[in-house]
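> Sequence plus the predicted model coming up.
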Amino acid sequence: MLKWNGGSNTPNLNMKKYKILIDTMAGGSKVHAGDIVELPEHEGHSLCSYGKAEAHTAKPKAKKEDRSVGLKTSKVKAPKTRAKK
């Protein structure tokens, strides 16, 4: 179902990301298992009901800390090592 913005000619599609579980057609092209695709909400809901996709939730990346032992903070860069031959 397309919802039209007040006065403009472009439809307002609610897009969400989905993880594909089984090879199928989505968004007008073939997608493979494991792909993350952005689809209109109504199409993604249909794929989820068939068991071919699931809603994708992005996991926050863990911040890497590189600090010396015993210090509360350290902004020192990692030491450079020689290249292996």
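Cool, the structure landed.
> Tell me which helix or strand comes right after the helix or strand hosting H45.
Following DSSP states H and E, one finds H45 within helix 41-50. Next along the chain after helix 41-50, taking DSSP H and E as the criterion, comes strand 53-55.
> what sits up against stretch 34-46?
1, 13-20, 26-27, 31, 47, 53, 55-56 (CB atoms under 8 Å, 6 or more residues apart in numbering). Any C-beta I mention is one placed from the backbone N, CA and C, and that applies to glycine too.
> By neighbours, which of the residues you listed wins?
Most neighbours among the contacts of stretch 34-46, by other CB atoms under 10 Å: A53, with 26 neighbours.
> Quick check: the nearest residue to that one once chain neighbours are set aside vs I20, distance?
Sequence neighbours aside, L47 is the residue nearest to A53 in space, at 3.8 Å (criterion: CB to CB, 6 or more residues apart in numbering). According to CB to CB, to the nearest Å, L47 and I20 sit 8 Å apart.
> shaky segments in this protein?
Applying pLDDT under 70 to the chain flags residues 1-12, 65-74, 76.
> If we use 90, what do you get?
Counting by pLDDT under 90, the ranges of the chain that qualify are 1-15, 27-28, 57-85.
> Spell out the residue ranges of the strands in it.
Secondary structure of the chain (DSSP state E): strands at 3-4, 11-12, 15-20, 24-26, 29-31, 36-40, 53-55.
> Let me know which of those is the nearest to K85.
Minimum separation from K85 across the strands of the chain (CB to CB) falls at strand 36-40, 39.5 Å.
> Spatially central residue for this protein, please.
A58 (5.5 Å; CA atoms, centre = their mean).
> related to what we said a few turns ago, any shared contact partners between L47 and I20?
Shared contacts of L47 and I20, defined by CB under 8 Å, 6+ apart, comprise A26, A53.
> circling back: compare the strands of the chain and give me the one nearest A78.
It is, among the strands of the chain and with distance given as CB to CB, strand 36-40, at 31.2 Å.
> Just give the strands next to the closest one in its sheet, each with its orientation.
Strand pairing for strand 36-40, using DSSP bridges, gives strand 15-20 (antiparallel).
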